[in-house]
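[1] pasting the sequence and the predicted model now:
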Amino acid sequence: MKKRNHFISGGKDGSIIIWSIDNNQQWYCQQRLEDHNEKILCLILNEFEDLLISSSWDKTIRFWNNTTKWIITQTILEHNEQVWSISLSPSQTKLISCGNDGIILILEHKKKENFWIIVQKISVEVRGYRICFLSDNSFVFQQWISNLMNFCQYDETKNEFKKKRDTIVKSGNSCDYLSPLQYIDSKSLLVQQKWVSYIYDSKK
């Protein structure tokens, strides 16, 4: 965490630990979150560091808010199998997820109600471990055991995301949920870390 002297970890036991550092520069467990009942697969912290989003082998996506301590505020139960990856949009108002069930969920945050709702569900032929927003209106999805990456764009006429094109991933067809996609907006680079690395310029 950049604004606080903390870091957050997720474990195979389903727990999420908020770590803090003491005056002796030793890390200690400040808070343990135990609402998930299977291993944590993905964690996202928003830019204000007051919202934590987690996905798990237990098929759920959970939202945690922080004022004086972290508390769970919402659970998404729409996936039928483990939720491999989640990504938050640059505006922090949209969330996408991909699961082992071959479903991509699009969620939007309703500010007035402070609640996340599912606005679209996309069925894919091949499940994937990785998904990442490039902008509020576009994202990429990496298929499992495939050298294809799907680029999806928001269609304003139909108010939904649609696949725009496929791109071949030159580094091979292996895929690991423990190494998520990272988009560097300032350089327009999409970085994928696996056995080898590749960098993709999304503006070309």
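    Thanks, I have the structure now.

[2] okay, and the beta partners of the spatially most central residue of the chain?
    Centroid-nearest residue in the chain: Ile86, 2.0 Å away (criterion: Cα atoms, centre = their mean). Counting by DSSP bridges, Ile86 is bridged to Ser97.

[3] isn't it up against Ser55?
    Yes - if you go by Cβ atoms under 8 Å, Ile86 and Ser55 touch, sitting 4.9 Å apart. C-beta: built from backbone N, CA, C; applies to glycine.

[4] name the residues contacting each of these two.
    With contacts taken as Cβ atoms under 8 Å, 6 or more residues apart in numbering, Ile86 and Ser55 have Cys42, Ile61, Ser97 as neighbours in common.

[5] save those residues as TSV, and put in pLDDT too.
    Shown next, in TSV, are the shared contacts of Ile86 and Ser55 (pLDDT from 0 to 100):
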residue	pLDDT
Cys42	95
Ile61	99
Ser97	98
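
[6] excluding residues flanking it in the chain, which one is nearest Tyr154?
    Asn137 (4.0 Å; Cβ to Cβ, 6 or more residues apart in numbering).

[7] distance of the one you found from Glu38?
    Using Cβ to Cβ, to the nearest Å, Asn137 is found at 33 Å from Glu38.

[8] for Ile168, same thing?
    34 Å.

[9] looking at the two, which is more packed in?
    Glu38 (14 against 9; other Cβ atoms under 10 Å).

[10] any weak-confidence spans in the protein?
    Along the chain, segments meeting pLDDT under 70 span 1-3, 170-179, 193-204.

[11] and the strand or helix carrying Phe133, which strands flank it?
    Element membership of Phe133, judged by DSSP states H and E, is strand 128-135. Take DSSP bridges as the rule and strand 128-135 pairs in its sheet with strand 138-143 (antiparallel).

[12] can I get the strand or helix carrying Ile72 in PDB, CA atoms only?
    For Ile72, the host element (DSSP H and E) is strand 70-76. This file holds the C-alpha atoms of strand 70-76, laid out as PDB (Å, rounded to 0.1, in the frame of the first residue of the first chain):
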ATOM      1  CA  TRP A  70     -11.700  -3.700   7.000                       C
ATOM      2  CA  ILE A  71     -15.200  -5.000   6.900                       C
ATOM      3  CA  ILE A  72     -17.000  -7.100   4.200                       C
ATOM      4  CA  THR A  73     -19.700  -5.100   2.400                       C
ATOM      5  CA  GLN A  74     -20.800  -7.200  -0.500                       C
ATOM      6  CA  THR A  75     -20.400 -10.700  -2.000                       C
ATOM      7  CA  ILE A  76     -21.000 -11.700  -5.700                       C
END
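
[13] flag every buried residue along that strand.
    Burial within strand 70-76, assessed by neighbour count using 16 or more other Cβ atoms under 10 Å, is assigned to Trp70, Ile76.

[14] so what does that strand touch, helix or strand wise?
    strand 27-33, strand 61-66, strand 115-123 (3 or more Cβ pairs under 8 Å, 6 or more residues apart in numbering; DSSP states H and E).
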